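Novice: can't give you the sequence, but here's the structure:
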């Protein structure tokens with residue numbers, strides 16, 4: 001995981017850096033940044049051995065019931081405040097399933113654009129590293 005990362009020039013702080021939990025537990029990962037015009041926060045999952053990042057969900061100024069993409073809705077929740085001076089979001093995995101949920105999770109931030117569905121621009125990302 002990324003402890004301090006950069007997303008489009010925005011310094012993000014993600015914690016904890018590593019999590020080991022038993023099956024059935026809940027896991028929460030938090031992400032913060034202070035860039036005032038970056039009110040969109042996106043969460044991605046990268047499964048072991050895969051280069052592609054899968055979009056878990058996003059918040060545009062806030063998070064709501066539709067923030068999580070359909071394939072992730074059973075076990076993933078997003079929350080946070082993207083309106084204040086310090087933007088913060090959290091990803092919670094509910095009822096952890098180790099075989100399904102073992103992965104690296106990333107948060108990202110971007111400027112708020114007036115789009116009906118900003119997630120369509122970020123669905124399938126491939127990281128730049130090998």
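Specialist: Okay, I see it. Fair warning: this is a prediction, and the values are worked out from it, not measured in the lab.
Novice: which ones are touching residue 100?
Specialist: residue 75 (CB atoms under 8 Å, 6 or more residues apart in numbering). Using the backbone N, CA and C atoms, a C-beta is placed for each residue, glycine as well.
Novice: Would you quantify the distance from residue 17 to residue 30?
Specialist: Residue 17 sits 11 Å away from residue 30, taking CB to CB, to the nearest Å as the criterion.
Novice: can you check residue 39 too?
Specialist: In terms of CB to CB, residue 39 sits 17 Å off from residue 30.
Novice: The two: who's more crowded?
Specialist: Neighbour count, other CB atoms under 10 Å: between residue 39 and residue 30, residue 39 has more, with 20 against 16.
Novice: What ranges in the protein fall below the confidence cut-off?
Specialist: Residue ranges of the chain with pLDDT under 70: 1-10, 113-130.
Novice: Can you list the residue ranges for helices in it?
Specialist: Ranges of helices in the chain, per DSSP state H, are 98-101.
Novice: Not including adjacent chain positions, what is the nearest residue to the residue nearest to the spatial centre of it?
Specialist: When the chain is reduced to its mean C-alpha position, the nearest residue by CA atoms, centre = their mean turns out to be residue 43, at 1.7 Å. Leaving aside its sequence neighbours, residue 43 sits nearest to residue 56 (CB to CB, 6 or more residues apart in numbering; 4.3 Å).
Novice: my guess is the one you found contacts residue 72, does it?
Specialist: Yes. Because the distance of 4.9 Å satisfies CB atoms under 8 Å, residue 56 is recorded as touching residue 72.
Novice: end-to-end on stretch 90-109?
Specialist: Stretch 90-109 has an end-to-end distance of 13 Å (CA to CA, to the nearest Å).
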